[in-house]
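Colleague: when you get a sec, could you give me coordinates for this:
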Amino acid sequence: MIPDEIQTGNYGIGAFFPLIILDRARLWQNQGPGIPPLRCTEDTGQLLAVRWCAPESAAAHAPAMLSRVVESAPPAQALHDTERLAAFRATLPQHLNLIALTTSAVIGPWSKRPGRPCATPQPIAAGAQVRALPPPADHTAPYGSRS
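Modeller: Have a look, this model is predicted:
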């Protein structure tokens, strides 16, 4: 399996979650809670993925856990076997779920997700020329007067 970058998923309700795509073939369908997704013979528009399902406060652990799953996951072709898929699902750590999700629910890399913490601004280099901003306008003068 070629490890994909950790992606961002969104169901359209403003909550983003990290995930990895295991099979890009749009042939998967969720069956219900506790049951692995089913591989279909016709296009369902859904990919097979592993998503992080934990509180936002624990999201810092998600990239490392998902990376380990990518390294240990069987090739996509092997996941077509329902027994092998169920065995793989059983090895997933807590807070990781095997799901089928639509391609439109994958919005891009986790590292570029909306609302991510911004990097610390870089300090201005020594000797750099910084132009001062003009002073703010005086909005306290009475209307019609010129200062």
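
Colleague: start to end distance for stretch 69-85?
Modeller: End-to-end distance of stretch 69-85: 13 Å, with C-alpha to C-alpha, to the nearest Å as the criterion.

Colleague: pull out the buried positions in it.
Modeller: By neighbour count with 16 or more other C-beta atoms under 10 Å, stretch 69-85 contains the buried residues 69-70, 73, 79, 85. C-betas here are computed from N, CA, C, even on glycine.

Colleague: same deal with stretch 15-24?
Modeller: Buried-residue list, stretch 15-24, by 16+ other C-beta under 10 Å: 16-23.

Colleague: using a markdown table, lay out those residues together with distance to residue 60 and secondary structure.
Modeller: As requested, the buried residues of stretch 15-24 are arranged in a markdown table below (distance: C-beta to C-beta, whole Å; DSSP: H, G, I helix; E, B strand; the rest coil):
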| residue | distance to residue 60 | secondary structure |
| --- | --- | --- |
| 16 | 14 | strand |
| 17 | 14 | strand |
| 18 | 11 | strand |
| 19 | 16 | strand |
| 20 | 17 | strand |
| 21 | 21 | strand |
| 22 | 23 | strand |
| 23 | 27 | strand |
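
Colleague: okay then, goodbye and thanks.
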